[in-house]
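Visitor: Requesting a structural model of the entry that follows:
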Amino acid sequence: MKTTDKVTERLFQVLSNEEKAYLELSTQQIQDDYKKHFVRIFSTLNRRLSFDTRESLISIPAEDTDKLLIVNWSVLKLARVCLLGQISDDEASYQQFINRLFEFADMHELEALYAALPLLDYPESWIERCKEGIRSNIGTVQEAVIEHNTFPFLYLDEEYWNQLVLKAFFTGKKILNIHGLFERNNKSLADSIVDYIYERHSAKREIHPMLWILAKEHLPARALDILMESYEQEADETKKSILLQSLSSNREQLSDSFKSAHAQALEQISPIEEVLEAYK
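Guide: The predicted structure is shown next:
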């Protein structure tokens, strides 16, 4: 699968004439004989782009990118992903070649490979690679899988989807950057989140406000007690607004004293879209 013309057009807008000519030549060479040219081009591309060019950040509207979500990517990363999109072959040859790229890639090349998962042909072949990325100890590689990536949403089963979301909390990723976060929310994930909330509370550690949003439909009495306590102790108004969303969903189970003390706040719940936008 190739990147869209609009992606290539946007990329070329930030390249110098020399860099653009090199990318055009490289694209043609890969299309002609990727086995001969690709590894050399892919691994040395950082040396063919100026520092200012390769480190520049680029975002492209999702409607112009098909399955890719290009949000604050470096130009180097995007250029590498575009080159990956030029490879085409039968399934066995394609899988063998891409797997070799994963096995021998350095950290920055891995970022591009994982970001390109939605673009790769034979998508079911890359599910195990996606799982490896979630388990990676390299933060930027994890980020390339977890944030702004449609592949996990489309192809991971529920067990590994839940692992991805929990790993995002454990490693401090930007939770709202997980594509399909609310569409794939599920009770099993909520149950795991509740256990995590208990652990954080017992250890007197901060509880991420988004945990309450994802588990709000499945909060037992003990969790609701912690939620009410957290709301009363929270000083940040944006976080309080998030907690109110979960409190409102469980209004009937809240204590009478809490409802009486916070009656006005419970009656003035902002739309969740506004609350989450303010939290980003």
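Visitor: Please make it C-alpha for all contacts and neighbour counts, starting now.
Guide: Noted.
Visitor: how about the strands in the stretch 1-150 of the chain?
Guide: 57-58, 73-74 (DSSP state E, counting those that start in this stretch).
Visitor: Let me have those strands in JSON lines, adding distance to residue 231, mean neighbour count and mean pLDDT as columns.
Guide: Below are these laid out as JSON lines (distance: least, C-alpha to C-alpha, whole Å; neighbours: other C-alpha atoms under 10 Å; pLDDT from 0 to 100):
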{"stretch": "strand 57-58", "distance to residue 231": "37", "mean neighbour count": "17", "mean pLDDT": "96"}
{"stretch": "strand 73-74", "distance to residue 231": "36", "mean neighbour count": "18", "mean pLDDT": "97"}
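Visitor: can you redo those strands as CSV with distance to residue 134?
Guide: Below are the strands of the stretch 1-150 of the chain laid out as CSV (distance: least, C-alpha to C-alpha, whole Å):
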stretch, distance to residue 134
strand 57-58, 24
strand 73-74, 19
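Visitor: The stretch 151-280 of the chain: helices as residue ranges?
Guide: With helices called from DSSP state H, counting those that start in this stretch, the stretch 151-280 of the chain shows them at 158-170, 187-202, 209-215, 221-233, 237-249, 256-261, 263-267, 272-279.
Visitor: what's the residue closest to the geometric middle of the chain?
Guide: With distances taken as C-alpha atoms, centre = their mean, residue 147 lies nearest the centre of the chain, 1.3 Å away.
Visitor: Enumerate every residue touching it.
Guide: For residue 147, the contacting residues are 173-175, 177-179, by C-alpha atoms under 8 Å, 6 or more residues apart in numbering.
Visitor: Distance to residue 4, pLDDT and neighbour count added to these, as CSV?
Guide: Compiled in CSV, the contacts of residue 147 are given as follows (distance: C-alpha to C-alpha, whole Å; pLDDT from 0 to 100; neighbours: other C-alpha atoms under 10 Å):
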residue, distance to residue 4, pLDDT, neighbour count
173, 28, 97, 18
174, 27, 96, 14
175, 27, 97, 18
177, 22, 97, 16
178, 23, 98, 21
179, 20, 98, 19
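Visitor: Among these, which ones are in strands?
Guide: Of the contacts of residue 147, none are assigned to strands by DSSP state E.
Visitor: which one of these is nearest residue 197?
Guide: Set against residue 197, the nearest of these by C-alpha to C-alpha is residue 175 (15.8 Å).
Visitor: Show me which helix runs longest in the protein.
Guide: helix 17-48 (DSSP state H).
Visitor: For it, name the packing helices and strands.
Guide: helix 75-84 (3 or more C-alpha pairs under 8 Å, 6 or more residues apart in numbering; DSSP states H and E).
Visitor: buried stuff in the helix it packs on?
Guide: For helix 75-84, burial by neighbour count (16 or more other C-alpha atoms under 10 Å) applies to 75-84.
Visitor: tell me which strands and helices it is in contact with?
Guide: Applying 3+ C-alpha pairs under 8 Å, 6+ apart, one finds that helix 75-84 contacts helix 5-13, helix 17-48, helix 51-55, helix 107-115.
Visitor: Check what contacts the shortest one and list those residues.
Guide: Read that as helix 51-55. Here helix 51-55 has contacts from 14-15, 46, 74-76, using C-alpha under 8 Å, 6+ apart.
Visitor: ok, 7 Å please
Guide: With contacts defined as C-alpha atoms under 7 Å, 6 or more residues apart in numbering, helix 51-55 is touched by 15, 46, 74-76.
Visitor: ditto for stretch 24-33
Guide: Contacts of stretch 24-33 with the rest of the structure, by C-alpha under 7 Å, 6+ apart, involve 37-38, 41, 83, 86-87.
Visitor: Let's see that with 10 Å instead.
Guide: With contacts defined as C-alpha atoms under 10 Å, 6 or more residues apart in numbering, stretch 24-33 is touched by 12, 18-23, 34-42, 45, 82-88.
Visitor: For stretch 227-243, what does the pLDDT average out to?
Guide: Looking at stretch 227-243 alone, the average pLDDT works out to 96.
Visitor: That stretch: which residues count as buried?
Guide: Within stretch 227-243, the residues scored as buried using 16+ other C-alpha under 10 Å are 227-228, 230-231, 238-243.
Visitor: Repeat that for stretch 251-259.
Guide: 254, 259.
Visitor: how long is that stretch end to end?
Guide: 8 Å (C-alpha to C-alpha, to the nearest Å).
Visitor: ok, back up a step: got the buried residues for the longest helix of the chain?
Guide: 19-20, 22-23, 26-27, 29-31, 34, 37-39, 41-42, 45-46.
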